[in-house]
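Student: Dropping a prediction and its sequence here:
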Amino acid sequence: MKFAKKATAAMLSALLAFAPLGGNTAGHREAPITALDHKADITDVYAFRSYAAGDTDKVTLIMSVDPLAEPGNGPNWWPFDQDILYEIKVDNNNDAVEDIVFQFRFTTEQRLPNLFQVMAGIGPDGKVAPANSPPPVAPGTLIVPPRITTFDSPGLGQRQSYTVTMIKGGVTTVLSSGAPRYALPNNVGPRTIDYIGLFDQAVYSLANGVKVFAGTADDAFWIDLGAAFDTFNLRSSVAPGALTPSQDAAAENFASDTVSGYAVNSIAIEVPIAMLTRTGQIEPATSTAATIGVWATTSRARTTVRRSPLPAVSSGAFNQIQRMGNPLINELLIGTGFKDRFSMDQPKNDKQFANFFLDPTLARVLNALTDGAIAIPAPPRNDLLPLVTYAAPIAAAGTPAGPVADLLRLNTGVAPTAPASASRLGLLGGDGAGYPNGRRLFDDVTDISLRAVAGVLAGPPFSTSPLNSRLGDGVNVNDVPYREAFPYLGNGPSGRDRRHIDPGEPGCTAGAGAPCPL
Ligand SMILES: [Ca+2]
Ligand SMILES: [Ca+2]
Ligand SMILES: [Ca+2]
C-alpha cells in the first residue's frame, strides 16, 4: 500500500494479468460476497469497435452477470434482478471517474400465476383438455399455451422489461422511452420457445443510433476452468501450460471448455463513438482524446426489509456490490481478504491494491510450478502498466496516464479488424483492435493474460521464450459461434439439449469427433 505510484500501477497491471490465469470465467464467483450474491456477480465486461458493416462508427459495450447459468435449471431459470441497478460506465478524460453512465433497470411480470413454471408452450395452438378431462375443467379448455414466439405469447409467464438511462454531463436522459423493451428469457428448450426468433426481437434500436439487448445468452467466455483452478493443473495436451506453435495457431480446442453449455445474462448497448469521446467526435488513434476507460457495476439499495409473507422491500441509496473492468483482475490478482473491498470501491482508488499488481503472485506461481522453467521479470512490473493506466500501446502518446485504475481501456480510433483476419490473441497476436485494446468476445483473455503476467510485454527474454510466449489453457475458441452483428453474442444453450463438453468427451481437436483430453 505504500508503493510509489509507478510501482502501484505496475502491480495493478500484474494483478490484472493474473486474473486471466485464474480463469474462472473472467470473473465468475471471484469474490466472497459475489460468490454468495449470484445475481450481482459480473462475469465479464467487453468494449470494442463494432465490426459489422455499417456500424463501424460505433462501440459495443457488454456486461454479463449470473455465472454458469445452467439452462436446464427450471422452473424459474435466470431472470435479471429487479432490485439491482446495472450500470456500464465510461471515463473519457483520463481521471478514472465516470463521465457517461448507462443504467439498466428491470421490471418483472408474472403472467401465469397459476402455472408451476414461469414459461411453457407447445405447438402453434397449445394443448387443450381432452374428452375425458375430469370436471370442473371442460374438454377443450386450454391447458398448455402455444409455443413462445413473441414477447406477447401467453406462455411467457415471467416477462421482463427494462429501461435504459444515460447520465452525461449531469443530465439524465431516458433512452428507452416509448414501447417496452423486453429481455430475452432463457432458452428453455425447442418445444417451449422459439429462442432464436425471440433473440432477434430482443434487439432494439433506440434514438441517436443506439441499440440495446438484454437477455440470457451463451456465456461468451471460455476456459478450462477446472484445470486452471486446480492449482494450474493444465491438461497433458498443453503441459506444462504452453501451446505448441500449431496449437497456438489453431481455431480449435485442446482441452475442455468448462463453461461450455452454460448461459449467462448479458446487457449490451451499441453507442456511436461520438457520444463517448470528450470531444463529441470520432478521434484518430493518434489523438489523446481517443481512448476511453470502461467498467461495469452492480448495486443494491442500502436497506432491505423482510416482511414475510409479503415480498421484501428495498429502499435508500444504491450501494455498489461489484465492479469489473479488465478480465480476471479481482479473480486472479487480488488477495482473497481484499476482494470484497476491491469489488465495492471505485477504480480511482485502486492504488490501495498496488501491492497485488506490482509483484503478482500469479507470476511467482508460474515460476514455481515449472521449477523455474518459466522465468519472470523482477518487480516492480512496470511492463503491466498499459493495463491499468492510459498508456501506449493502447493510448496515444501524450495521453495523460491518470491514476492506476482497473478500467478496460479502448482506443476508439483504432479501426475494427474484420473477423476473418482477427487474432484471438489481440494485441499480442498483432491485432491492434483486440484485448487489451478493449475486449472483443473472441479475445482469448486467459492466454493473453497468462502471457502478460509471464512478462511478454517486458520484451526479451520473456517475449521470446517458447514457454512464456505461448502460455495457454488449450481452450482457444468458444463452444458456439458468435453473431456477426450487434449484440454479437451467441445463442444460449437449450435447457433440454445443452451439453457441457467435459474431459474425455467429444468436442476438442479436429472438431466434435475427437475427445477432449483428461
Ligand atoms: Ca472522467
Ligand atoms: Ca460459451
Ligand atoms: Ca485459452
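Tutor: Thanks, I have it. On a predicted model such as this, the values are computed, not experimentally measured, just so you know. Numbers count the residues shown, from 1 in each chain. Ligands and ions are numbered 1, 2, ... in the order given.

Student: residues contacting Ser133?
Tutor: Residues in contact with Ser133, defined by C-beta atoms under 8 Å, 6 or more residues apart in numbering, are 139, 141. Every residue, glycine included, has its C-beta placed from N, CA and C.

Student: Give me the distance between it and Leu142.
Tutor: The spacing between Ser133 and Leu142, counted by C-beta to C-beta, to the nearest Å, is 12 Å.

Student: what residues does this protein put near ligand 3?
Tutor: 444, 446-447, 472-473, 475 (C-beta under 5 Å from the ion).

Student: Roughly how far does Gly215 sit from Tyr46?
Tutor: Per C-beta to C-beta, Gly215 is found 15 Å from Tyr46.

Student: My guess is Arg499 contacts Tyr262. True?
Tutor: No: contact criterion C-beta atoms under 8 Å: Arg499 and Tyr262 do not qualify, at 10.6 Å.

Student: who has more neighbours, those two?
Tutor: Tyr262 (23 against 14; other C-beta atoms under 10 Å).

Student: which residues touch the closest residue in space to Thr107 that isn't next to it in sequence?
Tutor: Excluding the flanking residues, the one nearest Thr107 by C-beta to C-beta, 6 or more residues apart in numbering is Ser161, at 5.3 Å. When contacts are counted by C-beta under 8 Å, 6+ apart, Ser161 touches 106-107, 109, 180-183.

Student: Most neighbours out of those, which is it?
Tutor: Going by other C-beta under 10 Å, Ala183 tops those with 24 neighbours.

Student: From Gly241, how far off is the closest residue in space to Asp406 that isn't next to it in sequence?
Tutor: Among residues not flanking Asp406 along the chain, Gly325 sits closest, at 4.2 Å (C-beta to C-beta, 6+ apart). For Gly325, the distance to Gly241 (C-beta to C-beta) stands at 26 Å.

Student: again with Arg364
Tutor: 14 Å.

Student: can you check Arg439 too?
Tutor: For Arg439 relative to Gly241 (C-beta to C-beta), the value is 22 Å.

Student: same thing with Asp340?
Tutor: From Asp340 to Gly241 the distance is 30 Å (C-beta to C-beta).

Student: List the buried residues for stretch 441-456?
Tutor: For stretch 441-456, the neighbour count (16 or more other C-beta atoms under 10 Å) marks 441-456 as buried.

Student: repeat for stretch 386-393
Tutor: Of the residues in stretch 386-393, 386-391 count as buried by neighbour count, 16+ other C-beta under 10 Å.

Student: Now the terminal residues of it, how far apart.
Tutor: One end of stretch 386-393 to the other measures 7 Å (C-alpha to C-alpha, to the nearest Å).

Student: Over to stretch 471-488?
Tutor: Across stretch 471-488, the terminal residues are separated by 27 Å (C-alpha to C-alpha).

Student: Now do the buried residues in that stretch.
Tutor: Buried-residue list, stretch 471-488, by 16+ other C-beta under 10 Å: 471-476, 478-480, 482-483, 485-488.

Student: Among these, which ones lie close to ligand 1?
Tutor: Within those, nothing lies near ligand 1 by C-beta under 5 Å from the ion.

Student: All the helices of the stretch 201-350 of the chain, in order from the start?
Tutor: 225-228, 245-249, 329-332, 339-344 (DSSP state H, counting those that start in this stretch).

Student: Summarise which helices and strands the third one is packed against.
Tutor: Judged by 3 or more C-beta pairs under 8 Å, 6 or more residues apart in numbering; DSSP states H and E, the packing partners of helix 329-332 are helix 5-22, helix 339-344.

Student: where among those helices is the average confidence lowest?
Tutor: Between those, the lowest average pLDDT goes to helix 5-22, which shows a mean of 34.

Student: which element follows it toward the C-terminus?
Tutor: Using DSSP states H and E, the helix or strand that directly follows helix 5-22 along the chain is helix 32-36.

Student: So what touches that next one?
Tutor: Contact with helix 32-36 is made by 29, 40-42, 321-322, 336, 339-340, 343-344, as judged by C-beta under 8 Å, 6+ apart.

Student: Who are the contact partners of the residue in the stretch 351-500 of the chain that ligand 1 sits nearest to?
Tutor: Relative to ligand 1, the nearest point of the stretch 351-500 of the chain is Gly402 (8.4 Å; C-beta to the ion). Residues near Gly402 by C-beta under 8 Å, 6+ apart: 91, 94-96, 293, 389-390.

Student: Could you export those residues as JSON lines, including distance to ligand 1 and pLDDT?
Tutor: JSON lines is the format used below for those (distance: C-beta to the ion, whole Å; pLDDT from 0 to 100):
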{"residue": "Asp91", "distance to ligand 1": "4", "pLDDT": "98"}
{"residue": "Asn94", "distance to ligand 1": "7", "pLDDT": "98"}
{"residue": "Asp95", "distance to ligand 1": "4", "pLDDT": "98"}
{"residue": "Ala96", "distance to ligand 1": "7", "pLDDT": "98"}
{"residue": "Gly293", "distance to ligand 1": "8", "pLDDT": "98"}
{"residue": "Thr389", "distance to ligand 1": "14", "pLDDT": "94"}
{"residue": "Tyr390", "distance to ligand 1": "11", "pLDDT": "96"}
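
Student: mind listing which of the residues you listed are in strands?
Tutor: Of the contacts of Gly402, the ones assigned to strands by DSSP state E are 91, 293.

Student: coming back round to it: quick one: which of the buried residues of stretch 386-393 is nearest to Ala373?
Tutor: Of all the buried residues of stretch 386-393, Ala373 sits closest to Leu387, with 24.7 Å by C-beta to C-beta.

Student: isn't the closest one right up against Val453?
Tutor: No: counting by C-beta under 8 Å, Leu387 stays clear of Val453, with 10.1 Å between them.

Student: Show me where the protein dips below the pLDDT cut-off.
Tutor: 1-26, 510-512 (pLDDT under 70).

Student: Tyr162 touches Thr107, doesn't it?
Tutor: Yes: between Tyr162 and Thr107 there is a contact under C-beta under 8 Å: 7.1 Å.

Student: and stretch 467-476, how far from the chain's centre?
Tutor: On the basis of C-alpha atoms, centre = their mean, to the nearest Å, stretch 467-476 sits 21 Å off its chain's mean C-alpha point.

Student: when you scan that stretch, is anything in it near ligand 2?
Tutor: No: under the criterion of C-beta under 5 Å from the ion, ligand 2 is not reached by stretch 467-476; the shortest gap measures 10.2 Å.

Student: pretty sure Ala296 is touching Leu85, no?
Tutor: No: if you go by C-beta under 8 Å, Ala296 and Leu85 don't touch, sitting 11.2 Å apart.

Student: Comparing the two, which shows the higher neighbour count?
Tutor: More neighbours surround Ala296 than the other of Ala296 and Leu85, with 25 against 20 (other C-beta under 10 Å).
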